[in-house]
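Visitor: Provided below are the primary sequence and the corresponding predicted coordinates.
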Amino acid sequence: MKKYLPWILLAVFAVEVLVALRPKTESGFHTREFGKLPVLLNGRVQPLDSVARNSLLQIRSTQTVPLEEKKAWEFWKHPKKLTATAWLMEVMMRPELADGRRIFLIHHPDLLSELKLENKGVENSGLHYFSFNEIEPALDEIQKQGQRVNEIDAQLRKPFEKQVMKLHSGLILYRRLKNSLRPETSEDFARELEAFRQSVPPGVAAVKAQAAGKEYDKVAFERIIEFLGPYDMMARFAYPLIVPPSPADDSHDHWSNAGVSLMDTARTGELHPAMNYYAAMANAYRQGNPADFNLAVEEYRSWLNQRFVAELDKGKREFLYSSFQPFYRAMLIYLVAFLLGCASWFNWSEALRRSAFYLVVLAGIIHTAGLVSRMLLEGRPPVTNLYSSALFIGWGAVVLGLILERIYRDGIGTVVASSIGFVTQIIAHNLALGGDTMEMMRAVLDTNFWLATHVVVVTLGYASTFFAGFLAILYIIRGVFTRTLQAPTARALTRMVYGIVCFATLFSFVGTILGGIWADQSWGRFWGWDPKENGALIIVLWNVIILHARWGGLVRERGLMNMAVFGNIVTSFSWFGVNMLGIGLHSYGFMDAAFYWLMLFVTSQLLIIGLGLLPARFWASFKGAGNVLVRDASSLKPAGVPKPGSASAGV
């Protein structure tokens, strides 16, 4: 059985992946097909499904809406959920139903008291969720508080004020979505549009006559004004641009929202075909008529296919990417591989080690597929923002880990690769809570050549430094708490850390130089002592210090490991910390919510360094015959390094 265990586990997870990729059939309303329809938002074409997912992340911090509640410990329950696209359809077409969904997250007790919401909503694991109907009586107070907090600098806001701003922003986004396809009070949008189209000629004539001070048709005047009022509001507040360029427009970039399109109808007298299709969808959905809804979606797709083939294709590809959730699946597999890899050290099971290795390979393939998909969807190299940098750092660490595992076959490369892969996926998930992770880039950064050279190379330097640091953590944890860090393993880990630090030094240095060249072309100077530039330089210098300390015999195995762990602190500050300063040309990635987690990470690394500095008698792997750690890795000791016991040798 042990012989086949790795293949069985690999097959189980591979089958799950294949099942997730299998095309799904829908009965009733074809929400998936609706979710694939392209729109323009945040400067890029994306499917309505992405609009829905990113909106829900900003409002509720999840991508689904539970229809039944369960406690966190009730893991055996699988309550029904509303997909993001299905939720968006309710918001746009049946807002009276969407208003009852509990999507607004409030967790600050003072805000709950301030808004008199203590006995409303539902509570789950200390988090409170409310529907729009439950919050509506407090809208005026939320608006007042939101305006007050908006005048406070984001970095100076207290937790209460941050919660107010999140709720205020979520409500604005929700109300914009409600008026993005049709006025939220409309009952029969298709009939309304036809009446509007017929009212345009006499109405426009009446408006012109009234403006000229002549006699005018008051009925026609009031009729068109009655239509234009809600449409003007839609033009100003609708969220995604759902109407593609008109057939007479040669450009594919001039998308508009529904309100702007309807206001243009008052000028041209022609209703955009897309509005007729959307109106048919809205009416069919409100009437509970799946056949007519699906027909309208299909007819609209056929119309788009005449001119907007690329946009349709992008919508389908991004929908598949979002539905498959490659990084979430990879994260779960990394976790299982990590547990199997750790278990292999305690019973020395080769089957467990191989199982962990095969699973990391599978997760790495999924991880790579996710990165390649993002690159194809964005038309960019793999690193464009903090979110994608977290994904790429994890990917780089996984590749390094798999290479080490193929060389040493002791589970170390697998465990470190899976742990970094898992942690970076969690970091990326939290960075995605802000919404769209494929947003348009700033003009100064909009250069694929430098994104593919400077950013990728320097990020590989981050990944390598982290990998060396996690290898060092593994050395310390195993040495202090277990007897599994025997002399051969200690020597192997030392060689790994030293080699990875050499790799990290090269990539960090080259990446920093390439960044200077890019800065010279973009901003007219090679170096400006910007905080991000300083952080990159500090990483290079710290890696050089590690190499010189080891080469010169100032540190031995444990000293090398402690310095490598401190490299995690240096790299995390350069990666995240400098962005939180709110100054410099690289502060575009500011994430104040991450400060707590950054400080927690730094504290954890200092505690591990403290363990590494414990006297040898406190290390479990120093106890017992035949299990004493080697004090120096002779295979790494270059000529001229002082021998153990000499006056110049380090500890």
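Guide: Right, received. Where do you want to start? Numbers count the residues shown, from 1 in each chain.
Visitor: Could you grab the helix/strand/coil label for Lys3?
Guide: coil (DSSP: H, G, I helix; E, B strand; the rest coil).
Visitor: and it, what does it touch?
Guide: Contacts for Lys3 (C-beta atoms under 8 Å, 6 or more residues apart in numbering) come out as Ala351. C-beta: built from backbone N, CA, C; applies to glycine.
Visitor: can I assume Asn39 sits in a strand?
Guide: Slight slip there: residue 39 is Val, not Asn. Yes - assessed by three-state DSSP, Val39 belongs to a strand.
Visitor: burial count for it?
Guide: By the measure other C-beta atoms under 10 Å, the count of residues near Val39 is 22.
Visitor: Does it touch Ala52 like I think?
Guide: No - the pair Val39 / Ala52 is not scored as a contact, 10.7 Å apart, by C-beta atoms under 8 Å.
Visitor: tell me the pLDDT at the closest residue to Leu97 other than its chain neighbours?
Guide: Distances taken as C-beta to C-beta, 6 or more residues apart in numbering place Glu90 nearest to Leu97, at 5.1 Å, with adjacent residues excluded. At Glu90, the pLDDT value in this model is 97.
Visitor: Now for Glu90: which residues touch it?
Guide: Glu90 neighbours (C-beta under 8 Å, 6+ apart): 82, 97-98, 101.
Visitor: Which pair of those residues spans the longest distance?
Guide: Leu82 and Leu97 (10.4 Å; C-beta to C-beta).
Visitor: more crowded one of these two?
Guide: The neighbour comparison of Leu82 against Leu97 (other C-beta under 10 Å) goes to Leu82, with 19 against 12.
Visitor: What helices and strands are in contact with the strand or helix carrying the more buried one?
Guide: Secondary structure assignment for Leu82, by DSSP states H and E: strand 81-83. Secondary structure elements in contact with strand 81-83, counted by 3 or more C-beta pairs under 8 Å, 6 or more residues apart in numbering; DSSP states H and E, are strand 64-66.
Visitor: Name the next helix or strand following the worst-scoring helix or strand of the chain on mean pLDDT along the chain.
Guide: Lowest mean confidence among the helices and strands of the chain (mean pLDDT, DSSP states H and E): helix 448-450, at a mean of 73. In the C-terminal direction, the helix or strand that comes right after helix 448-450 (DSSP H and E) is helix 456-481.
Visitor: And that next one, what's buried?
Guide: The neighbour-count check on helix 456-481 (16 or more other C-beta atoms under 10 Å) flags 456-476, 478-480 as buried.
Visitor: Quick one: mean pLDDT over that helix.
Guide: 94.
Visitor: How far does it sit from its chain's centre?
Guide: How far helix 456-481 lies from its chain's middle: 23 Å, per C-alpha atoms, centre = their mean, to the nearest Å.
Visitor: now for it, which elements pack on it?
Guide: helix 386-408, helix 412-431, helix 487-523, helix 531-551, helix 557-575, helix 594-612.
Visitor: tell me the mean pLDDT for the first one?
Guide: Model confidence over helix 386-408, given as mean pLDDT, is 93.
Visitor: Going by contacts, tell me the helices and strands next to it.
Guide: Secondary-structure packing of helix 386-408 (3+ C-beta pairs under 8 Å, 6+ apart): helix 350-378, helix 412-431, helix 456-481, helix 487-523.
Visitor: before we move on, the earlier item: could I have the CA atoms of whichever helix or strand comes after the strand holding Leu82 written out in CSV?
Guide: Where DSSP H and E defines the elements, the next helix or strand beyond strand 81-83 is helix 84-93. Extracted in CSV, the C-alpha atoms of helix 84-93 (Å, rounded to 0.1, in the frame of the first residue of the first chain):
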residue,chain,number,x,y,z
ALA,A,84,-21.4,36.3,-7.2
THR,A,85,-23.0,36.5,-10.6
ALA,A,86,-26.4,35.4,-9.3
TRP,A,87,-26.2,38.0,-6.6
LEU,A,88,-25.3,40.7,-9.2
MET,A,89,-28.3,39.7,-11.3
GLU,A,90,-30.5,40.2,-8.2
VAL,A,91,-28.9,43.6,-7.5
MET,A,92,-29.4,44.8,-11.0
MET,A,93,-32.7,43.3,-11.9
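Visitor: And the following helix or strand past helix 84-93, what's buried?
Guide: Note on helix 84-93: by DSSP H and E, the next helix or strand toward the C-terminus is helix 95-98. Neighbour-count burial for helix 95-98 flags 95, 98 (criterion: 16+ other C-beta under 10 Å).
Visitor: Packing partners of helix 95-98?
Guide: Checking 3+ C-beta pairs under 8 Å, 6+ apart, helix 95-98 ends up next to helix 84-93.
Visitor: Chain neighbours aside, what residue packs nearest to the residue in the chain sticking out farthest from the centre?
Guide: No residue in the chain sits farther from the centre than Glu215, which is 59.4 Å out by C-alpha atoms, centre = their mean. Nearest in space to Glu215, with sequence neighbours left out and distances taken as C-beta to C-beta, 6+ apart, is Ala209 at 6.6 Å.
Visitor: Does the one you found lie in a helix or a strand, and which?
Guide: Take DSSP H and E as the rule and Ala209 turns out to sit in helix 189-211.
Visitor: Show me what that helix is packed against.
Guide: Helices and strands touching helix 189-211, by 3+ C-beta pairs under 8 Å, 6+ apart, are helix 218-237, helix 258-268, helix 273-286.
Visitor: which one of those helices lies closest to Leu451?
Guide: Closest among the helices and strands packed on helix 189-211, using C-beta to C-beta: helix 258-268, at 33.0 Å.
Visitor: just checking, what packs against the closest one?
Guide: Checking 3+ C-beta pairs under 8 Å, 6+ apart, helix 258-268 ends up next to helix 189-211, helix 218-237, helix 273-286.
Visitor: Would you point to the one among the ones you listed that's packed deepest?
Guide: Most buried of these by mean neighbour count (mean count of other C-beta atoms under 10 Å) is helix 273-286; its value is a mean of 22.
Visitor: Not counting its own residues, what contacts it?
Guide: Contacts for helix 273-286 (C-beta under 8 Å, 6+ apart): 29, 34, 89, 92-94, 181-182, 186-193, 242-244, 247, 258, 261-262, 265, 290-293, 295-297, 299-300, 303.
Visitor: what's the angle from that helix to helix 258-268?
Guide: Inter-element angle recorded for helix 273-286 and helix 258-268: 130 degrees (by axes from the mean of the first three to the mean of the last three C-alpha atoms, to 10 degrees).
Visitor: Quick check: what element follows helix 273-286 along the chain?
Guide: With elements assigned by DSSP H and E, the helix or strand that comes after helix 273-286 is helix 290-304.
Visitor: Let me see the mean pLDDT of the helix or strand that contains Leu340.
Guide: Per DSSP H and E, Leu340 falls inside helix 326-347. Helix 326-347 shows a mean pLDDT of 92.
Visitor: Next, the buried residues of it.
Guide: 326-327, 329-338, 340-342, 344-345.
Visitor: same thing with stretch 524-533?
Guide: 530-533.
Visitor: Now do the contacts for the spatially most central residue of the chain.
Guide: When the chain is reduced to its mean C-alpha position, the closest residue under C-alpha atoms, centre = their mean turns out to be Ala432, at 2.8 Å. With contact set as C-beta under 8 Å, 6+ apart, Ala432 has these partners: 57, 387.
Visitor: partners of the helix or strand harbouring Val45 in the sheet?
Guide: Using DSSP H and E, Val45 sits in strand 44-47. If you go by DSSP bridges, strand 44-47 pairs up with strand 38-41 (antiparallel).
Visitor: What are the contacting residues of the partner strand?
Guide: 45-48, 50-51, 239-242, 244, 255, 304, 308, 311-312, 314-315, 436.
Visitor: Alpha carbons only: can I get it in CSV?
Guide: Extracted in CSV, the C-alpha atoms of strand 38-41 (Å, rounded to 0.1, in the frame of the first residue of the first chain):
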residue,chain,number,x,y,z
PRO,A,38,-18.0,41.6,-21.3
VAL,A,39,-18.1,45.1,-19.8
LEU,A,40,-15.5,47.9,-19.2
LEU,A,41,-14.4,48.7,-15.7
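Visitor: average model confidence for that strand?
Guide: pLDDT averaged over strand 38-41 gives 96.
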